[in-house]
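> pasting the structure only:
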């Protein structure tokens, strides 16, 4: 089976590596163009390009997939299948129609839930206890194609997005290999998505970063965990806006107003929140500072 891979991020690298480790060959990879990065504006490769160069796989970096010459270059590979993972571009219909077996995608949710750019992050932000990955055929609509396979995992009560992401990277790679093996056996079993169950996961913006201490502890913990490590949840402690991380539930109650510092202890900062309850913030980042244990910050500062 001749495969052309399209992807950009480290999530895509995990899937590409799983394919190669399982014995599949990749004719070429298609990834986003190099971009200047940081203050020095040095050109930066995507994680997929870095991996492909080391593996000796030809790399394509078209700015657009809508140009006739780009589509002709893709067609020249005569691929049986396109595998698309976290590529960052929608495939136009002429490209979707190029491979004989179609285009398949690995998506970081249990479709039809959380279609869109940030499915893993929104699952954590919304306090889901279960998430997973799906393989599907790509269609013209965003994440709307028929689902081939799914695999799920449990989200810990205070597990940060970064941890869930890392676990789903591995799960996505293994599910992709399982899907490819099924396709080779002629077992598709593709199931249309139930439109009434569709939810969306839009890109995370700065407006999503703020914590309201009047929320219930569950909402606060989910918000903080869903933004860890990036972009980091923002909240006021005293008169200063911090980035806050690693929240913990408590069994304490208080009559202090929401957002009040209830206690400063060796484990962190206890904050009053909705319905007279409290949450414990065990790590924080002051403006201009580095992320650290709240206890270490409190040794030299008071809230």
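Structure's in. What do you need? Remember, it's a predicted structure, so these values are computed and weren't measured experimentally.

> Where is the longest helix in the protein?
helix 161-184 (DSSP state H).

> Direction included, what does the following helix or strand past it pair up with?
Scanning forward in sequence from helix 161-184 by DSSP states H and E, the next helix or strand is strand 200-201. Applying DSSP bridges, strand 200-201 is found paired with strand 115-116 (parallel).

> neighbouring contacts of whichever helix or strand comes after the strand it pairs with?
Sequence-wise, the next helix or strand downstream of strand 115-116 (DSSP H and E) is helix 119-125. Helix 119-125 is contacted from outside by 107-109, 113-114, 116, 131, 155, 159-161, 164-165, 168, 201-202, 204, 208, 222-223, 225-227, using Cβ atoms under 8 Å, 6 or more residues apart in numbering. Heads up, the C-betas are built off the backbone N, CA and C, glycines and all.

> I'd like to know how many residues surround residue 140.
11 (other Cβ atoms under 10 Å).

> How about the contacts made by it?
Contacts of residue 140 by Cβ under 8 Å, 6+ apart are 93, 96.

> Repeat the analysis, applying 6 Å as the threshold.
Contact analysis of residue 140 by Cβ atoms under 6 Å, 6 or more residues apart in numbering lists residue 93.

> what phi and what psi does the backbone show at it?
Backbone torsions of residue 140, given as degrees, to the nearest 10, read phi -70, psi -40.

> separation between it and residue 91?
According to Cβ to Cβ, to the nearest Å, residue 140 and residue 91 sit 9 Å apart.

> again, but for residue 16
Distance from residue 16 to residue 91, by Cβ to Cβ: 17 Å.

> So the two - more neighbours on which side?
Counted by other Cβ under 10 Å, residue 16 and residue 91 do not tie: residue 16 has more neighbours, with 27 against 22.

> Does the nearest residue to that one once chain neighbours are set aside fall in a helix, a strand, or a coil region?
Leaving aside its chain neighbours, residue 16 sits nearest to residue 5 (5.6 Å; criterion: Cβ to Cβ, 6 or more residues apart in numbering). Secondary structure state of residue 5, per DSSP: H, G, I helix; E, B strand; the rest coil, is strand.

> Residues contacting stretch 221-238, please?
With contact meaning Cβ under 6 Å, 6+ apart, stretch 221-238 is reached by 121, 124-125, 127, 160-162, 209-211, 241, 243-245, 247, 303.

> buried residues in it?
For stretch 221-238, burial by neighbour count (16 or more other Cβ atoms under 10 Å) applies to 221-228, 232-235, 237.

> Quick one: end-to-end length of it, please.
From its first residue to its last, stretch 221-238 covers 19 Å (Cα to Cα, to the nearest Å).

> ok so, going back, now the two most distant members of the contacts of stretch 221-238.
Spatial extent of the contacts of stretch 221-238 (Cβ to Cβ) is set by the pair 121 and 303 at 28.4 Å.

> Which one's more surrounded, these two?
Taking neighbours as other Cβ under 10 Å, residue 121 and residue 303 compare with residue 121 leading, 25 against 16.

> excluding its backbone neighbours, what's nearest that one?
residue 161 (5.2 Å).

> Tell me which residues touch the one you found, please.
By Cβ under 6 Å, 6+ apart, the residues touching residue 161 are 121, 124, 226, 228.

> now those in CSV, with distance to residue 103 and pLDDT?
Output for the contacts of residue 161, formatted as CSV (distance: Cβ to Cβ, whole Å; pLDDT from 0 to 100):
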residue, distance to residue 103, pLDDT
121, 25, 97
124, 28, 98
226, 30, 98
228, 33, 98
